[in-house]
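Student: take this sequence and fold it.
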Amino acid sequence: MLGFNPRDLRRMMKRMGLEVEQVSATLVSVELDDGSRLEVREPQVFIIKAKGQQPMMYVMGSMVRIEPQASESEEISEEDVRLVAEQAGVSLEEARRALEETKGDIAEAILRLQEKRG
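Tutor: Residues are numbered from 1 along each chain as shown. I've put the predicted structure just below:
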């Protein structure tokens, strides 16, 4: 980590015509497109404002990447697999695959399987 002194950083920014505000935070979390998350623990956070510009956030600290975990709501139950298989007239394996492809959406899985069959 860079060894910036917050006071020196504020002075330098002020000379450049930027307003700097330090924010007291215990954790900064950024959600990424792939579902993972970056967390900065014990961060030093600064909001930097310049006239006519969007505010910028400068975050320093110990960064950790957290990979997504499958939640229980994403798990596909055997009951759902049997229902889809019965309604679409397919095997349990085909029904499970369709539910996985539709992220557990029963109606969408049945419709897709019926379209494939007929």
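Student: tell me the secondary structure for the spatially closest residue to residue 10 that is not a sequence neighbour?
Tutor: Leaving aside its sequence neighbours, residue 10 sits nearest to residue 20 (CB to CB, 6 or more residues apart in numbering; 4.6 Å). C-beta here means a position set from N, CA and C on the backbone, and glycine is covered the same way. Classification of residue 20 using DSSP: H, G, I helix; E, B strand; the rest coil returns strand.
Student: show the contacting residues for residue 20.
Tutor: Contacts for residue 20 (CB atoms under 8 Å, 6 or more residues apart in numbering) come out as 9-10, 13-14, 46-49.
Student: relative to residue 40, how far out is it?
Tutor: 18 Å (CB to CB, to the nearest Å).
Student: how many neighbouring residues does the residue nearest to residue 41 when sequence neighbours are not counted have?
Tutor: Leaving aside its sequence neighbours, residue 41 sits nearest to residue 62 (CB to CB, 6+ apart; 5.1 Å). Look at residue 62: counted by other CB atoms under 10 Å, it has 10 neighbours.
Student: before we move on, what about residue 7?
Tutor: So residue 7, with other CB under 10 Å, has 9 neighbours.
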